[in-house]
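>>> here is my input, please return the structure:
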Amino acid sequence: MKTNNDGSGGVIAAVPDDSKVTQQTDTSTEHIIDGDGSDSPADADTDRDSFNLKDVYNPHNLTIDELEMFLYEWEPSATSVHEYFEWSVIEKIRSGQFAKEQAEQEIEEVEDEETESNTSLWGRMKKKIKGGDTKVEQKKERLAYLNLASNSAHVIEFYAPWCPHCQHFKNDYIDMAFEVLRRSTSTPVQFHAVSCDVYYDICDAYDIDGYPTMLGWKLGADVSKLGIDLMDEGPMNADKIGELLALDLANEEVSLSRNKFNTTEEQLAHEAEMNKLAQKAVEQKRSWHEQYPHNHNDKYHDAALSLAFAIKSQLFQTTRDRTIENKRRRALMDFLNLLDWATPQSWGLRTGIVTDLQWRIESNVLNDRSDLESIIEADMKLHRSGGSEQLWGFIDSHQQTSFASALFRGRSQKVLAKDDNRWTKSCTHSQPAKGFTCGLWNLFHISTIGSSKQESELYGFQRGYDVSSHHVAETIRNFVAYFFSCDVCRDNYLKMYDTCGHDHCNRLSSEISINRDKSDRSHMELSLWLWEVHNSVNSRLMKEAALRQNREVTQDEILASMFPTKAMCSDCYLDENMSKWDDVKVFQFLERWYWPEDEDATVPMKSSTRKAMGRHGSETATSLLLPSIRTCLLVSAALVFAVLIKRRERRKKFVDSRYMRKKQGYF
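This is a model prediction of the structure:
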């Protein structure tokens, strides 16, 4: 693979050169060390990671952290797609130089904007008339652009490895590339993939603001200029790519030949294979719900990480429309306000980053992405400096790690610091580049459960917030609109919500009911509505996965996609066929699943549910006493402090009175 650099020092995309790939790979790995100082990337500790290096295709011998930045690098079937890859950038990431350059670049952009805003209108017009450097031209000189061969047409997918639709779209993109390459008769064409998590400057240069984005360039076109937006032209397929890029593709009859059988034996063998695929999907989905550890600390860590990631990646998206910027900031402020009153009081994120961001956004002192990253990194370092055995963003609940269990776990603060930036296995399910969407769902569920609590409503009402269930749903909707950059996921959710999906227009009230009657169940509606939405998404994704295998989804797969499963909450189902739900039981389950018990212990938890909530989340008598002991100590300390302050004030008053009497000659 050839690597070219321009004079400005920016990163330029590599041009594939098959004759040199093996040689570069062999020589590059000799001098590269892992981020923690080990001699070989393959020797990194994989016990804590979401998947094993030995089980994945890894041609460049990258570390697990580095593999998770790509989608096609570790995919052996992606021979038709060239993953953009450059060793110099990987080395910069390992040394920390890459992050430093990103921060400097963002600061420079802010300074350019300030300079332009301070320039007079006549000065800007005169500069433009004379053909001087405009802001866009300066940006092109400073940022890196793809430097690809001019004797070929090009198709490039810009993606983020955490984006669910990018993950689902990967196989479709590989298949489209195979088909176009197979049917191309004369015009050469190359397919590429660029990870925007790694090559942020390249994606910024092409104004990529959503994932995935596909751009195309005809034969001989200048790839330093914006190409054709292929995904803006309707459903994408090989014929559409050929039409937009003027490719000469041979006509090919599309038929389901694999579903046409010459003998009964062939048909039975095919049906058996399809049944195996369906059963595998059922077992995998059930294992995600029932076998992976699910404790409250993991859920809140994943939620905190997804919140931080969504804000970092979307708040400062470049846009020419200031109204969009203002709406984006307003949507974030509303969501932070929701977290301020509808999340557990013991959650450190609520009193830390959420409060800090509220003040910064309200005061308009949040300038760029580097500010956000420094706030989050500082909070993570503060958490780690206390020697905690829990991941950043954990909930201060009964699931505290005891001293004895910490000895057996034996994870160092250095390892934990890396895990602070990772989603847990309860969200990733041991699959690379997953976790973001799961953590975001956790955050939404936590917020809806919290908003149903009467004490939370009272607190939010006193703070001046709109605490109605309709406003909470609207707040979540707007956050998805501006901070969920997966285009398909976002569009599906907005389409559902804006068409009163699951009857939320009638179910969710705009009124506030502070004084509830015991028979009133209106406070459950928001949590149940979001749960129904989540289950419908699970069902749709299961159907789409079956279609990608050219088969119909089975009823067992649909039932396996439903949450909770019957093994997790048998009382939640009203019939043996699992077709009807007991709403009250479901709501109580959601409370136990997403809300820490020491915040509200009114609902007992079944032993079967405890088992599902995590192998390492078991409770002991000691762990149950910890919150009470901690509370007693805090109250005692507060009382002692108040007494001391009172005595000090009385002593000061006494001394002052003696001084005044002495001064007036009383003694």
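
>>> these two touch, right, Ser510 and His470?
Yes - counting by Cβ atoms under 8 Å, Ser510 touches His470, with 4.4 Å between them. Every C-beta, even on glycine, is put in place using the N, C-alpha and C of the backbone.

>>> more neighbours: which of the two?
Applying other Cβ atoms under 10 Å to Ser510 and His470 shows that His470 carries more neighbours, namely 17 against 10.

>>> which regions of the stretch 451-600 of the chain sit below the pLDDT cut-off?
Across the stretch 451-600 of the chain, residues meeting the criterion (pLDDT under 70) sit at 487, 514-515, 518, 599-600.

>>> tell me where it has strands.
Per DSSP state E, counting those that start in this stretch, the stretch 451-600 of the chain carries no strands over any range.

>>> show me where the stretch 301-450 of the chain dips below the pLDDT cut-off.
Filtered on pLDDT under 70, the stretch 301-450 of the chain yields the residue ranges 318-324, 396-411, 431-433.

>>> try 50 this time
For the stretch 301-450 of the chain, applying pLDDT under 50 flags the ranges 397, 400-409.

>>> how about the helices in it?
Assigned by DSSP state H, counting those that start in this stretch, the stretch 301-450 of the chain shows helices spanning 322-342, 348-349, 355-363, 369-385, 403-409, 413-419, 425-428, 436-451.

>>> contact partners for Pro164?
Neighbour list for Pro164: 434, 436-437, 486, 489 [criterion: Cβ atoms under 8 Å, 6 or more residues apart in numbering].

>>> switch the residues you listed over to CSV; also include distance to Asn367.
Putting the contacts of Pro164 into CSV (distance: Cβ to Cβ, whole Å) gives the following:
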residue, distance to Asn367
Lys434, 32
Phe436, 25
Thr437, 29
Cys486, 27
Cys489, 29
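
>>> closest one to Glu474 out of the residues you listed, please.
Of all these, Glu474 sits closest to Cys489, with 18.6 Å by Cβ to Cβ.

>>> pretty sure that closest one sits against His165.
Yes - assessed by Cβ under 8 Å, Cys489 is found in contact with His165 at 5.5 Å.

>>> so where's the stretch 151-300 of the chain shaky on pLDDT?
Along the stretch 151-300 of the chain, segments meeting pLDDT under 50 span 253-257.

>>> need the strands for it, in chain order.
Under DSSP E, counting those that start in this stretch, the stretch 151-300 of the chain gives strands at 153-159, 189-195, 213-217, 228-229.

>>> possible to save the ones you listed as JSON lines with mean neighbour count and distance to Tyr300?
Output for the strands of the stretch 151-300 of the chain, formatted as JSON lines (neighbours: other Cβ atoms under 10 Å; distance: least, Cβ to Cβ, whole Å):
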{"stretch": "strand 153-159", "mean neighbour count": "25", "distance to Tyr300": "28"}
{"stretch": "strand 189-195", "mean neighbour count": "23", "distance to Tyr300": "28"}
{"stretch": "strand 213-217", "mean neighbour count": "22", "distance to Tyr300": "32"}
{"stretch": "strand 228-229", "mean neighbour count": "14", "distance to Tyr300": "39"}
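
>>> closest one to Val282 among these?
Here strand 153-159 is closest among the strands of the stretch 151-300 of the chain (Cβ to Cβ), at 29.0 Å.

>>> ok, back up a step: figure out which of the helices of the stretch 301-450 of the chain is closest to Leu458.
Minimum separation from Leu458 across these (Cβ to Cβ) falls at helix 322-342, 9.2 Å.

>>> residue contacts, the closest residue to Val533 other than its chain neighbours?
Distances taken as Cβ to Cβ, 6 or more residues apart in numbering place His502 nearest to Val533, at 5.9 Å, with adjacent residues excluded. Going by Cβ under 8 Å, 6+ apart, His502 touches 496, 529, 532-533, 536.

>>> what does Asp371 give?
Arg360.

>>> got it, and Trp529?
Taking Cβ under 8 Å, 6+ apart, we find Trp529 in contact with 473, 502, 504, 507-508.

>>> and if we set it to 10 Å?
Contact analysis of Trp529 by Cβ atoms under 10 Å, 6 or more residues apart in numbering lists 448, 469, 473, 501-504, 507-508.

>>> try Ser447
Neighbour list for Ser447: 303, 335, 338-339, 341-343, 456, 472, 475-476, 479, 526-527, 530, 594 [criterion: Cβ under 10 Å, 6+ apart].

>>> need the max-distance pair from these.
Using Cβ to Cβ, those reach their maximum pairwise distance at Ser456 and Phe479, which is 18.3 Å.

>>> more neighbours: which of these two?
Neighbours per residue (other Cβ under 10 Å) separate Ser456 from Phe479, with Phe479 holding more: 25 against 21.

>>> you'd agree the more buried one is up against Ser306?
No - the criterion here is Cβ atoms under 10 Å, and Phe479 misses it with Ser306 at 11.2 Å.

>>> and for those two, which residues touch both?
Residues touching both Phe479 and Ser306 by Cβ under 10 Å, 6+ apart: 440, 443-444.

>>> can you tell me which of those residues is closest to Gly352?
Among the shared contacts of Phe479 and Ser306, and counting by Cβ to Cβ, the member closest to Gly352 is Leu443, at 15.2 Å.

>>> can you tell me the closest non-neighbouring residue to that closest one?
Ala303 (3.9 Å).

>>> count of residues packed around the one you found?
29.

>>> which one is Arg350 nearest to, not counting chain neighbours?
Distance criterion Cβ to Cβ, 6+ apart; nearest residue to Arg350, sequence neighbours excluded, is Thr343 at 5.0 Å.

>>> now do Asn151
In space, Asn151 is closest to Pro188, 6.7 Å off (Cβ to Cβ, 6+ apart).

>>> measure the nearest residue to Leu230 once chain neighbours are set aside to Phe484 for me?
Spatial nearest neighbour of Leu230, excluding adjacent residues (Cβ to Cβ, 6+ apart): Met214 at 4.1 Å. According to Cβ to Cβ, to the nearest Å, Met214 stands 19 Å off from Phe484.

>>> which strand residues bridge Met214?
Beta-bridge partners for Met214, by DSSP bridges, are Glu157.

>>> show me the contacts for it.
Applying Cβ under 10 Å, 6+ apart, we find Met214 in contact with 155-159, 169, 173, 176, 191, 193, 227-233, 236, 241.

>>> from Tyr200, how far out is it?
18 Å.

>>> hmm, back to that, pick the one among the contacts of Trp529 closest to Trp87.
Thr448 (46.0 Å).

>>> which non-adjacent residue is nearest the closest one?
In this structure, Thr448 finds its nearest non-sequential neighbour in Ser527, 4.4 Å apart by Cβ to Cβ, 6+ apart.
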